[in-house]
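Peer 1: Dropping a prediction and its sequence here:
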Amino acid sequence: MCAAQRRTGRRSGRQLTASLFAFLGLALLLGACGQEDSGPQLARLPSDARILAFGDSLTAGTGATRSADAYPQVLAGLIDREVINVSRPGDTTADALLKLPQALRELNPDLLLLCIGGNDILQKWPQAKTKANIRELIGLAQAQGVQSVLIGVPAPKLFGLSAHPLYAEIATELDLPLEGKALAGILSDADTKSDLIHPNSRGYRVLAEAVAALLKRAGAIP
């Protein structure tokens, strides 16, 4: 082999090695991005897991045609897990603090789906108090080893609905999975809402589908 051929071979080898490292680097980067996009993770829920959907009228299903159309009942069918609906229209985060400890003791759930705070927002409670109460609710669940998912409620306004920022702040602080888009989208669409603050039956199905998708991304269900 002549010197020119040897140099060409070395260059080809270096180029191949560089290409291989570039490919591996890209694969690692894409993998990292995928993990980041999946958000906070949850432990896998067994088939006999018990899920507690806890909240106010948005969990109770106010605005739906039938009680069976509330999002927790629809979600149970989507994920093939038991979902227990514990909710009362009009409850604030302060009311929730009085009720959640008993629900956790009696039901011993594997996962808490918390959708609360809308009435605090409507009643113009101080945001710091609402945030503190929600943090305490999550803390009560964590103290019993119960995983939690937070569902963000939008603040009422005429245009550009989005979940109140306090939900993202809490989810980031406590490293919780957050469904922060579904309700805002539902309440922005006349076809999926019954009034300004409640979904209709179709809207609750959309919410249940969004929560099911979040649980899958977080690894709680296959």
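Peer 2: In hand now; what should we look at?
Peer 1: Tell me where this protein has strands.
Peer 2: Here the chain has its strands, by DSSP state E, at 50-55, 82-87, 111-115, 147-151, 178-179.
Peer 1: now for the shortest one, which elements pack on it?
Peer 2: Put plainly, it is strand 178-179. strand 147-151, helix 165-174, helix 201-217 (3 or more Cβ pairs under 8 Å, 6 or more residues apart in numbering; DSSP states H and E). Using the backbone N, CA and C atoms, a C-beta is placed for each residue, glycine as well.
Peer 1: related to what we said a few turns ago, I'd like the strands of the chain laid out as TSV, including mean pLDDT and distance to residue 212.
Peer 2: Rendered in TSV, the data for the strands of the chain read as follows (pLDDT from 0 to 100; distance: least, Cβ to Cβ, whole Å):
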stretch	mean pLDDT	distance to residue 212
strand 50-55	98	11
strand 82-87	98	10
strand 111-115	99	11
strand 147-151	98	11
strand 178-179	98	10
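Peer 1: And the helices in the chain?
Peer 2: Assignment of helices within the chain using DSSP state H yields the ranges 3-38, 57-60, 71-79, 93-107, 118-122, 127-143, 165-174, 182-186, 201-217.
Peer 1: Point out the most buried one among these.
Peer 2: When neighbours are counted by mean count of other Cβ atoms under 10 Å, the highest per-stretch mean among these falls to helix 57-60, a mean of 24.
Peer 1: With residue 172 as the reference, measure out to the residue nearest to residue 195 when sequence neighbours are not counted.
Peer 2: The shortest distance from residue 195 to any residue that is not its chain neighbour, by Cβ to Cβ, 6 or more residues apart in numbering, is 6.4 Å, and that residue is residue 63. Here the criterion is Cβ to Cβ, to the nearest Å. By it, residue 63 lies 30 Å from residue 172.
Peer 1: One more: residue 106?
Peer 2: Using Cβ to Cβ, residue 106 is found at 31 Å from residue 172.
Peer 1: and if you look at residue 97?
Peer 2: With distances defined as Cβ to Cβ, the gap from residue 97 to residue 172 amounts to 22 Å.
Peer 1: before we move on, what about residue 82?
Peer 2: Using Cβ to Cβ, one obtains 30 Å as the distance from residue 82 to residue 172.
Peer 1: isn't the residue nearest to residue 195 right next to residue 207, touching?
Peer 2: No: using Cβ atoms under 8 Å, residue 63 is not in contact with residue 207; the gap is 11.4 Å.
Peer 1: Which neighbours do those two have in common?
Peer 2: With contacts taken as Cβ atoms under 8 Å, 6 or more residues apart in numbering, the residues that reach both residue 63 and residue 207 are residue 199.
Peer 1: now the protein, which segments are flagged as low pLDDT?
Peer 2: Segments of the chain classed as low confidence (criterion: pLDDT under 70) are 1-37, 158-159.
Peer 1: burial count for residue 88?
Peer 2: The local packing of residue 88 (other Cβ atoms under 10 Å) involves 13 other residues.
Peer 1: Now mean neighbour count too, for the strands of the chain, in JSON lines please.
Peer 2: What follows is the strands of the chain, written out as JSON lines (neighbours: other Cβ atoms under 10 Å):
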{"stretch": "strand 50-55", "mean neighbour count": "25"}
{"stretch": "strand 82-87", "mean neighbour count": "20"}
{"stretch": "strand 111-115", "mean neighbour count": "25"}
{"stretch": "strand 147-151", "mean neighbour count": "24"}
{"stretch": "strand 178-179", "mean neighbour count": "20"}
